[in-house]
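>>> kindly generate the corresponding structure for this input.
(one chain, ligands or ions: 2)
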Amino acid sequence: MNKNSMKDKRIGIIGAGPSGLAQIRAFEALKEQGYAMPEIICFEKQDNWGGMWNYSWRTGVGKYGEPLHGSMYKYLWSNGPKECLEFSDYSFDEHFKKPISSYPPRPVLFDYIQGRIKKSNARDYIRFDTTVRWVSFDENSKKFNVILDDLKIDKTYSEELDYLVVASGHFSTPNMPYFKGIENFPGTVMHAHDFRGADQFKDRNILLIGSSYSAEDIGVQCYKHGAKSVTLSYRSNPIGIEWPEGIKELPMVTHFEGDTAFFKDGTTEVYDAVIMCTGYQHKFPFLPDELRLKTKNNLFPDNLYKGILFNALPQLIYLGMQDQYYTFNMFDAQAWLARDFMMNRLTLPKETERRMDIDKWLDRNNKLENSLDNVDFQSDYIKDLLSLSDYPHFNVDKVAEMFKEWLQDKEENILTYRDKTYQSVVTGTMASQHHTEWMDELDDSKERYLYQGEQEEVLQDNL
Ligand SMILES: Cc1cc2nc3c(=O)[nH]c(=O)nc-3n(C[C@H](O)[C@H](O)[C@H](O)COP(=O)(O)OP(=O)(O)OC[C@H]3O[C@@H](n4cnc5c(N)ncnc54)[C@H](O)[C@@H]3O)c2cc1C
Ligand SMILES: NC(=O)c1ccc[n+]([C@@H]2O[C@H](COP(=O)([O-])OP(=O)(O)OC[C@H]3O[C@@H](n4cnc5c(N)ncnc54)[C@H](OP(=O)(O)O)[C@@H]3O)[C@@H](O)[C@H]2O)c1
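Ligands and ions are numbered 1, 2, ... in the order given. I've put the predicted structure just below:
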């Protein structure tokens, strides 16, 4: 293919989180091979990149009144081994220059994400403080018209684009169910999206509704930081592990009377706070009906060929819309393939054949029974993506094994699984043990994580 043929095309990316940054990095990798780049513009409503990993103390709305994107909180540590998400073109060794533990805190992963993208001039592609307000597609010109708000100067303008990559994330708009009587609950009621740290729940009795990652992690964080008691209330299935004293699971809440919660099994208990860990909605307020992905949180959203190309209009690309075992390396594998499609390096089959491929994945998705099946499913999906682009291959089977061990580790002891170490499939490096056990580590700063342990060791040696 002519390396200059895409020069006049314009590509828009919505969001500069890990998925949007993966898309920029994929183009940069091709540029390094001598290809002329199309024009790339990434629109990011926050004032920095990193998406979820760019922590904000704010809740509700941001500085300019936009719905606040971030759902992360203080003291958030990776909830899976970092070896399962490592970029295969930028290792942890390359970034940190020394082995680190398998479960770093948020600031350390944020630093890693930035390290790769800072190697290029990627920042030049990104318009920060810019919200995508509305998108339409012109059937005649075959171009997208995107209406944008420059939040800083309060100005609305538009851009014409040949391709549009939606990388706006899907763990930001709360799913907030109603329970009878909750309007009269006298204590704190919030969604996990607004949880910013366990400090305020010290010495409190808290009720978490939900039985997935947010409920599990916020429950354990609050326990670690001194909550008096933690109750998790499940709708379908309990997490079902052996919890330490102070954390327990009950079936679904039926209703509240004052500060008392009533549960399906007849139990009643008094609480100081209720946190809805009830998941998120895929929400694209900037997309019209016919372009909008409509899905629940699952491993293979319908209507996306190879999990990314909108089947009715492949010029519209969605990244990272799946429920996620794999994260950064999956976004990369998707972005490399999306790039090849946009650069005419990948020829698509006809729409009906693409539909059959989607159906094949959906059929299998519908038959998944447990977490082990889920890991195998997403691993096969990654392998499929890797077979179609030149994203540096990594040993997916080995990563799948690590995910399965991780599931086992959590079941064995939810308080110590983050002290385990794993081996990188990119460099072969074995993770180091963090200087402090996770349950005793109350400081999640990068400085303490990377250096303080070393300083303490030197002090000990000199005593
Ligand atoms: C509480 C929590 C903890 C998590 N912990 C982990 C973990 O430990 N390990 C892990 O691997 N993953 C974790 N995840 C998953 C996390 O979502 C992914 O790691 C990753 O951030 C997804 O990247 P993304 O780019 O697809 O979306 P996001 O990170 O959500 O980024 C989307 C970006 O799009 C921007 N945007 C949205 N709408 C617009 C608009 N209209 N205009 C302009 N810009 C817009 C947002 O501002 C944001 O910067 C966690 C998620 C949550 C919610
Ligand atoms: N690093 C970390 O430690 C960390 C911490 C938190 C979150 N995360 C990430 O954040 C993402 C989202 O996780 P999540 O747990 O927020 O969402 P989720 O995985 O989608 O789970 C949503 C939970 O809410 C329950 N639920 C939904 N609607 C309900 C209703 N109407 N009534 C009662 N229960 C309801 C669901 O129950 P059913 O099972 O019945 O559907 C499920 O248990 C994940 O990718 C996760 O990895 C990471």
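>>> so which helix or strand takes in residue 341?
helix 328-342 (DSSP states H and E).
>>> tell me which residues in whichever helix or strand comes after that helix are buried?
Helices and strands here follow DSSP H and E; after helix 328-342, the next one along the chain is helix 351-366. Buried residues in helix 351-366, counting neighbours by 16 or more other CB atoms under 10 Å, are found at 354, 358, 361, 364-365. Where C-beta positions appear, they are placed from N, C-alpha and C, glycine not excepted.
>>> return the helix or strand in the chain with minimum mean pLDDT.
Across the helices and strands of the chain, mean confidence by mean pLDDT, DSSP states H and E is lowest for helix 453-462: a mean of 61.
>>> separation between residue 199 and residue 414?
As defined by CB to CB, to the nearest Å, residue 199 lies at a distance of 21 Å from residue 414.
>>> and the contacts of stretch 327-336?
18-19, 22-23, 25-26, 29, 84-89, 113, 167, 306-308, 319-320, 322, 324, 378, 381-382, 385-386, 389-391, 394, 399 (CB atoms under 8 Å, 6 or more residues apart in numbering).
>>> please apply the same query to stretch 441-448.
Contact with stretch 441-448 is made by 74-77, 105-108, 111, 224-225, 434, 452, as judged by CB under 8 Å, 6+ apart.
>>> end to end on stretch 235-244, go ahead and measure it.
21 Å (CA to CA, to the nearest Å).
>>> tell me the residues of the stretch 301-450 of the chain that contact ligand 1?
Where the stretch 301-450 of the chain comes near ligand 1, counting by CB under 6 Å from any ligand atom, the residues are 320, 324, 327.
>>> most neighbours out of these, which is it?
Using other CB atoms under 10 Å as the neighbour test, these are led by residue 320, with 27 neighbours.
>>> ok, the closest residue to residue 145 other than its chain neighbours - contacts?
Take residue 145 and drop its neighbours on the chain: the residue closest to it by CB to CB, 6 or more residues apart in numbering is residue 136, 5.0 Å away. Residue 136 sits next to 144-145, 288 when contact means CB under 8 Å, 6+ apart.
>>> hmm, back to that, give me the more crowded residue out of residue 199 and residue 414.
Legend: neighbour count by other CB under 10 Å for residue 199 and residue 414, higher for residue 414 (20 against 12).
>>> contacting ligand 2 as well, which ones from the contacts of stretch 441-448?
Among the contacts of stretch 441-448, the residues within reach of ligand 2 (CB under 6 Å from any ligand atom) are residue 76.
>>> make a markdown table out of the contacts of stretch 441-448 and add secondary structure, neighbour count and pLDDT.
Listed next are the contacts of stretch 441-448 as a markdown table, based on DSSP: H, G, I helix; E, B strand; the rest coil; neighbours: other CB atoms under 10 Å; pLDDT from 0 to 100:
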| residue | secondary structure | neighbour count | pLDDT |
| --- | --- | --- | --- |
| 74 | coil | 16 | 96 |
| 75 | coil | 19 | 95 |
| 76 | coil | 22 | 97 |
| 77 | strand | 19 | 98 |
| 105 | strand | 23 | 98 |
| 106 | helix | 21 | 98 |
| 107 | helix | 18 | 98 |
| 108 | helix | 22 | 98 |
| 111 | helix | 18 | 98 |
| 224 | helix | 17 | 97 |
| 225 | coil | 16 | 96 |
| 434 | coil | 20 | 96 |
| 452 | helix | 14 | 72 |
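>>> that concludes my questions; thank you for your assistance.
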